[in-house]
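K.L.:
predicted model and sequence below, questions to follow.
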Amino acid sequence: MHVVYVKNHTAICLLDGKTPYEMLKGKNLNVRDLPIWGTKVWVHDTSGSKLDMRVHEGQWVESDPESNGHQICLEDCQTIAIE
């Protein structure tokens, strides 16, 4: 999904020297805040008691367009959470 996102927003063919995103939106795409795939992240968990661990380590997978959140591969890499 990450590759598709970048490919859809960059120059595939020339449109007067602009990318498809520029032609549609009228401005350049800002990828400065796009996380690198596999970046270590910490997910806040409010389900435990006050003395339990409140965070879980995971890796960023991709943005989730349906929930406007992020898909995170949790510690064991067996589950992917949408946060």
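P.N.:
Happy to help now that I have it.

K.L.:
show me the shaky parts of this structure.
P.N.:
Using pLDDT under 70 as the threshold, the predicted model of the chain has low-confidence ranges 1-3, 6-15, 76-77, 79, 83.

K.L.:
which residue lies nearest the spatial centre of it?
P.N.:
Using CA atoms, centre = their mean, the residue of the chain that lies closest to the mean C-alpha position is Ser63, 3.0 Å off.

K.L.:
that one against Tyr5, yeah?
P.N.:
Yes: in this structure, Ser63 sits in contact with Tyr5. The criterion is CB atoms under 8 Å, and the distance is 7.2 Å. For every residue, glycine as well, the C-beta is placed using N, CA and C.

K.L.:
before we move on, back to that, which of the three states applies to the residue nearest to the centre of the chain?
P.N.:
For Ser63, the secondary-structure state derived from DSSP: H, G, I helix; E, B strand; the rest coil is strand.

K.L.:
quickly list what it is bridged to.
P.N.:
Here Ser63 sits in beta bridges with His70, as judged by DSSP bridges.

K.L.:
list the contacts of Leu74.
P.N.:
43, 56-58, 80-81 (CB atoms under 8 Å, 6 or more residues apart in numbering).
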